[in-house]
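Student: output the structure for:
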Amino acid sequence: MFQFNFDVDNDTEQSTDVNHTTKNHGPASAPTIGPNAFTELSLANALNSLPSKISYSPITIQLASGSELSLPRRDLFDARFQLISQNADDPDALEQPSTNARSALHFLDAPSDLVPLVYEGGLKTWECSLDLASYLDGISSQFDVSSKRVLEIGCGTSIPSLYILHRIFSSPPSQNQTHIHLQDYNASVLELVTIPNIILTWYLSEAAETYRKSEERADSPLELNISEGLKDAFHQSLMTYGVHLRFFSGSWDTFDLRTSGGSYNLVLTSETIYRMESLPSLTAIMHGACNTEGPKGVDNYLCLVAAKVLYFGVGGGVAEFVRCVRDLDKGGAVETVWEKTQGVERRVMSVRWN
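Tutor: The predicted structure follows:
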């Protein structure tokens, strides 16, 4: 198990390195666990599993234009309460909670602890995801995401996708059909934070203005009632704005592009190159997702990776990622399109595949 301390949560002191630990706790000590298989999650089922009320806090993104954007994130203590409540309603689960439930509860308490093949950090918001959202804002006039197919790999709290959805929901509806697919290793991350964050982003946008005027407000300004009316209004907005959402969990080397519908115009990933062992499968899924050949190929694509230059104590980083891209069958080229050189060095990179 290893731990990154440079996240963006207020209650965590930022550090310039990784705490590499050898002692595992709870689910982290499982000795032989195979990778999670590719699975598609149902949006309707995930919404129905949410409690009647969720709480959230804003996160501020410094945009390339110099302005600020505030996006909502579900509070982790609220997600933890959901898991505990679900187990409390099921006596069998309370007596012997499933491995997934135990794992999710453990990492909600220690969301910075990364355990390969168990939990990959998706419950936290890592700072490079904000860099990627800011970069997308800077190129929005040159790259219009509407009518495109978008894949965010290792999405976690999905800040880049939330930025894209914020733009769509803040613009007038159009006939364009935009497909946004979100992938994370852990299904529990998608259920507990990714999908709630998308609901919250919609709720606070112009697209939900009519619903907000008609709803019964929650007791707190940072709480949202999850009612049947809200779910219906959300689904209606997705149709009105031509947004098609799909959610996939599992390891990268099991990701099935045929099931997901083929190639993508925009491929995004942030803070995913920290572990050298996973770089081949990451670059392979990125390469396949940007395929320009065949009946399901795309005419043009943008493939963006946001990362720290070096992940101390783990072995991954930009140099290893560039080498892996170059060494992949047919290979590719990596160009730095944005960088921060002070403090912990960070970059946004564009990948072009041969």
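
Student: ok, which stretches of this structure are strands?
Tutor: 2-4, 18-20, 39-41, 53-62, 68-74, 113-114, 149-153, 178-184, 223-225, 243-249, 266-270, 302-308, 332-340, 346-353 (DSSP state E).

Student: alpha carbons only: can I get stretch 170-188 in PDB?
Tutor: Output of stretch 170-188 as PDB, limited to C-alpha atoms (Å, rounded to 0.1, in the frame of the first residue of the first chain):
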ATOM      1  CA  SER A 170     -25.100  26.000 -18.900                       C
ATOM      2  CA  SER A 171     -25.700  26.400 -22.700                       C
ATOM      3  CA  PRO A 172     -28.900  26.400 -24.600                       C
ATOM      4  CA  PRO A 173     -30.100  22.900 -25.600                       C
ATOM      5  CA  SER A 174     -29.100  21.800 -29.100                       C
ATOM      6  CA  GLN A 175     -29.700  18.800 -31.400                       C
ATOM      7  CA  ASN A 176     -26.200  17.600 -30.700                       C
ATOM      8  CA  GLN A 177     -25.800  14.200 -29.100                       C
ATOM      9  CA  THR A 178     -22.800  14.000 -26.700                       C
ATOM     10  CA  HIS A 179     -21.800  10.600 -25.300                       C
ATOM     11  CA  ILE A 180     -19.800  10.800 -22.000                       C
ATOM     12  CA  HIS A 181     -18.400   7.500 -20.700                       C
ATOM     13  CA  LEU A 182     -16.700   7.300 -17.300                       C
ATOM     14  CA  GLN A 183     -14.500   4.500 -16.200                       C
ATOM     15  CA  ASP A 184     -13.100   3.700 -12.800                       C
ATOM     16  CA  TYR A 185     -11.500   0.600 -11.300                       C
ATOM     17  CA  ASN A 186     -13.900   0.500  -8.400                       C
ATOM     18  CA  ALA A 187     -17.700   0.300  -9.000                       C
ATOM     19  CA  SER A 188     -18.200   1.700  -5.500                       C
END
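
Student: re the thing from before, rank the strands of the chain by pLDDT, which is bottom?
Tutor: Among these, strand 18-20 has the lowest mean pLDDT, at a mean of 33.

Student: can you give me the distance of the closest residue to residue 75 other than its chain neighbours to residue 76?
Tutor: Closest residue in space to residue 75, ignoring its immediate chain neighbours: residue 55 at 4.8 Å, by Cβ to Cβ, 6 or more residues apart in numbering. C-betas here are computed from N, CA, C, even on glycine. Remark: distance between residue 55 and residue 76 (Cβ to Cβ, to the nearest Å) = 10 Å.

Student: these two: which has the busier surroundings?
Tutor: residue 76 (20 against 17; other Cβ atoms under 10 Å).

Student: that one reaches residue 108, doesn't it?
Tutor: Yes: counting by Cβ atoms under 8 Å, residue 76 does reach residue 108; the two are 5.5 Å apart.

Student: what segments of the protein are helices?
Tutor: Per DSSP state H, the chain carries helices over the ranges 43-49, 76-88, 91-95, 99-109, 127-138, 159-169, 187-189, 195-203, 209-214, 228-240, 257-260, 279-289, 318-327.

Student: buried residues in the first one, which are they?
Tutor: When you say that, I think you mean helix 43-49. By neighbour count on 16 or more other Cβ atoms under 10 Å, the buried set for helix 43-49 is 43, 46-47.

Student: any idea how far the residue nearest to residue 140 when sequence neighbours are not counted lies from residue 137?
Tutor: Spatial nearest neighbour of residue 140, chain neighbours left out: residue 167 (7.0 Å); criterion: Cβ to Cβ, 6+ apart. Distance from residue 167 to residue 137, counting by Cβ to Cβ: 8 Å.

Student: pick out whichever of those two has more residues nearby.
Tutor: Neighbours around residue 167 and residue 137, counted as other Cβ under 10 Å, are more numerous at residue 137. The numbers are 20 against 17.
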